[in-house]
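Chemist: Provide a 3D model corresponding to the input given below.
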Amino acid sequence: MEKYYATGKRKTAVARVWVWQGEGNININKQTLDEYFGGLEEAKLKILYPLNLVGLNSKIDVYATVKGGGIMAQAEALRHGISKALVEYDPNLRATLKPLGLLSRDARAKERKKYGRKKARKSFQWSKR
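Modeler: Take a look at the predicted model:
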């Protein structure tokens, strides 16, 4: 049984993902998908999207450790990691995943606060007199 590893990232969330041939079990931080994400169906669909797309959702086992960020950022980091690991597993899947943007890291992140300002761009209220 050969395992394939990839790292997925989104904002400050980082997912380390291992995939191998199995029965379709998904474990995240030693919990099942339903235990970790609870009733957040949108997050679960994001994670399962690359597996459903290539038709391997019942043939691949996934183990991942996730840290940082919020719940949705973690879900997107997992999606990125699973997609990259699937390409390691079978390089022919790249043609399916790449056009949908599943292999590229979403680089959008929070802009840093500038000094003399309230937030990154918002300034304090200005009065003429």
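Chemist: Okay, buried residues for stretch 113-127 please.
Modeler: For stretch 113-127, a neighbour-count test (16 or more other C-beta atoms under 10 Å) marks nothing as buried. (Glycine included, C-beta is placed from N, CA and C.)
Chemist: Span of that stretch from start to end?
Modeler: 22 Å (C-alpha to C-alpha, to the nearest Å).
Chemist: How about residues contacting that stretch?
Modeler: Residues from elsewhere that reach stretch 113-127 (C-beta atoms under 8 Å, 6 or more residues apart in numbering): Lys110, Glu111, Arg112.
Chemist: Nearest to Glu35, out of those: which one, please.
Modeler: Lys110 (28.9 Å; C-beta to C-beta).
Chemist: Quick one: neighbours of Leu86, just the number.
Modeler: 27 (other C-beta atoms under 10 Å).
Chemist: Identify the residue nearest Leu56 in space, chain neighbours excluded?
Modeler: Leu86 (7.1 Å; C-beta to C-beta, 6 or more residues apart in numbering).
Chemist: correct me, but the one you found touches Thr96?
Modeler: No. Taking contacts as C-beta atoms under 8 Å, Leu86 lies outside contact range of Thr96: 9.1 Å.
Chemist: what mean pLDDT does the longest helix that the chain contains have?
Modeler: In the chain, with assignment by DSSP state H, the single longest helix is helix 71-89. For helix 71-89, mean pLDDT is 94.
Chemist: which other helices and strands contact the next helix or strand after it?
Modeler: Per DSSP states H and E, the first helix or strand lying C-terminal to helix 71-89 is helix 94-97. Counting contacts by 3 or more C-beta pairs under 8 Å, 6 or more residues apart in numbering; DSSP states H and E, helix 94-97 packs against helix 41-54, helix 71-89.
Chemist: ok now do Gly81, which residues does it touch?
Modeler: Ala6, Thr7, Gly8, Ala15, Arg16, Val17, Ala64.
Chemist: Chain neighbours aside, what residue packs nearest to it?
Modeler: Nearest one to Gly81, counting by C-beta to C-beta, 6+ apart, is Gly8 at 2.7 Å.
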